[in-house]
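Visitor: Sequence and predicted structure are below.
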Amino acid sequence: MSALFKGQKTLNDFSYISVGIDIGLNSCKMIEVKKTESGLELVSWGIEKFAGGNAQLAVKQLLDILSEPDVAPRTAISGKGTLIRYIEMLKMAPEELKKSFVFEADKYLPFPIDQIYLDCFILNKHVGDNKMSVLVAAAKKELVDERIDLLSSMSLQPDFITLNALAIANVFNVLGVSTDEGGADGVEKQTHAMAVLDIGEEVSNLTIIVDGLPAFSRDIFVGGREFTKSISNALGIPFDEAENLKQNAGERREKVLEASESVVLNLISELRLSLDYFVTEKNIAIAELYLTGGASTLEGITDSFAKYLEITVKDWNPLENLAVASGINKEELNKNARRLGVALGLALQ
């Protein structure tokens, strides 16, 4: 495997079906998207918890839902051992970039080159002074190989492997997001920057999107598991009960939010450091923060972020601009939408 990213077909091919599978710590999420002449359409989806920690069984159960089961899935990895960098380099062709960057990787990456897979992508060919903006993604080989082995054990050959944060960014790039941005005719459109925080089980991925493309990424090692531990300790209940309560607080909403407040504030503190750094470094204001991911469904968390941050904070439904095939329960889909961002981004890749 010569690169972290790989794939043959694209969504420019009419009547093309693609499948994104997001394999997390405790569950697996799947999205199947069809490209037709009328546009993109979600044709199947699913979420399966790991029974006894069995990720393979969960993947198999999701594959049974597919309208076309022989489609090679696309997947992603995240967390320690992965890295995204945004750098400026002298202008060159994409083919030349991929060849030459191998010899310069040690300038930008903390991993020995023989221990990683890496890939790079030109974000902007014209940033001045004969330079271009380049996104570099890297992952330790054992992480990628482990994911390939899991899928290969089920006779699946992954069509594409990337990082969670880039999959989330891809949803913005392909589908966009409903915002109030715009501008009157004849008025130059200002640079629009937004941040999205995908709050996962152990890792929260922060990505700042500028004019539809990623410009900053950071993994914050605070996630839903810490929320659950805090709720469990504060309320004196078992972990599994705290997990259920976190997702369905009902009348105990205020107590659950209060119990997880210290973790939420820790996450907000780390987030503020990154946002302040980006604004200072790039001199670009961030218009909104979008919250998504399974742990973002904690009731009241959006209000907590809005209280401590000086920007607009919104819940983000990654599926908001995607057509849905007939026969799919839209109420159930929307209820789980914030858990499906990574899988959707993979299917749209």
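Guide: That came through fine.
Visitor: what secondary structure does residue 25 sit in?
Guide: When classified by DSSP: H, G, I helix; E, B strand; the rest coil, residue 25 comes out as coil.
Visitor: And the helices in this structure?
Guide: 55-63, 94-101, 141-152, 164-175, 224-235, 239-247, 253-259, 261-282, 301-308, 330-336, 341-347 (DSSP state H).
Visitor: number of nearby residues for the nearest residue to residue 278 once chain neighbours are set aside?
Guide: Among residues not flanking residue 278 along the chain, residue 216 sits closest, at 5.0 Å (CB to CB, 6 or more residues apart in numbering). In this view, the C-beta of every residue, glycine as well, is placed from N, C-alpha and C. Counted with other CB atoms under 10 Å, the neighbours of residue 216 add up to 22.
Visitor: again, but for residue 321
Guide: Close neighbours of residue 321, defined as other CB under 10 Å, add up to 14.
Visitor: for the one 5 residues further on, same thing?
Guide: The burial count assigned to residue 326 is 6, neighbours taken as other CB under 10 Å.
Visitor: how much space between it and residue 246?
Guide: 33 Å (CB to CB, to the nearest Å).
Visitor: and what of residue 165?
Guide: Relative to residue 246, and taking CB to CB, residue 165 is found at 23 Å.
Visitor: Of those two, give the one with the bigger neighbour count.
Guide: It is residue 165, of residue 165 and residue 246, that has more neighbours when counted by other CB under 10 Å, with 26 against 23.
Visitor: any idea what sits nearest that one, other than its immediate chain neighbours?
Guide: Among residues not flanking residue 165 along the chain, residue 205 sits closest, at 4.2 Å (CB to CB, 6+ apart).
Visitor: okay, that neighbour: pLDDT?
Guide: Turning to residue 205, the model gives it a pLDDT of 95.
Visitor: Tell me the bridge partners for it.
Guide: On the basis of DSSP bridges, residue 205 is bridged to residue 198, residue 219.
Visitor: give me the number of residues near it?
Guide: With other CB under 10 Å as criterion, residue 205 counts 29.
Visitor: Output the helices of the chain as a markdown table; include the columns distance to residue 201.
Guide: Shown next, in a markdown table, are those (distance: least, CB to CB, whole Å):
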| stretch | distance to residue 201 |
| --- | --- |
| helix 55-63 | 13 |
| helix 94-101 | 32 |
| helix 141-152 | 16 |
| helix 164-175 | 11 |
| helix 224-235 | 5 |
| helix 239-247 | 10 |
| helix 253-259 | 17 |
| helix 261-282 | 13 |
| helix 301-308 | 15 |
| helix 330-336 | 15 |
| helix 341-347 | 12 |
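Visitor: how about low-confidence regions in the stretch 51-200 of the chain?
Guide: 178-190 (pLDDT under 70).
Visitor: need the contact list for the closest residue to residue 153 other than its chain neighbours.
Guide: Nearest non-adjacent residue to residue 153, counting by CB to CB, 6+ apart: residue 56, 6.5 Å away. Applying CB atoms under 8 Å, 6 or more residues apart in numbering to residue 56 gives the contacts 150, 153, 154.
Visitor: Ramachandran angles for the second one?
Guide: What it means is residue 153. phi -70, psi -20 (degrees, to the nearest 10).
Visitor: What separation is there between residue 33 and residue 94?
Guide: 26 Å.
Visitor: Wait, residue 288 touches residue 192, no?
Guide: No: Residue 288 is beyond contact range of residue 192, at 9.3 Å (criterion: CB atoms under 8 Å).
Visitor: quick one, what contacts residue 151?
Guide: Per CB under 8 Å, 6+ apart, neighbours of residue 151: 59, 73, 75, 157, 158.
Visitor: let's see it at 10 Å
Guide: Residues near residue 151 by CB atoms under 10 Å, 6 or more residues apart in numbering: 21, 23, 56, 59, 72, 73, 75, 157, 158, 161.
Visitor: With residue 54 instead?
Guide: Neighbours of residue 54 in contact, by CB under 10 Å, 6+ apart: 48, 60, 61.
Visitor: quick one, what contacts the spatially most central residue of the chain?
Guide: With distances taken as CA atoms, centre = their mean, the residue of the chain nearest its centroid is residue 168 (3.3 Å). Residues in contact with residue 168 (CB under 10 Å, 6+ apart) are 76, 196-198, 205-207, 209, 214, 217, 290, 292-293, 316, 318, 341-342, 344-346.
Visitor: Check residue 116 too.
Guide: Taking CB under 10 Å, 6+ apart, one finds 4, 81-83, 105, 109-110, 137-144 in contact with residue 116.
Visitor: Narrow these to those in strands?
Guide: 82, 83, 137, 138, 139, 140 (DSSP state E).
Visitor: which pair in those spans the largest distance?
Guide: Greatest spatial distance in the ones in strands among the contacts of residue 116: 137 and 140, 12.1 Å, computed using CB to CB.
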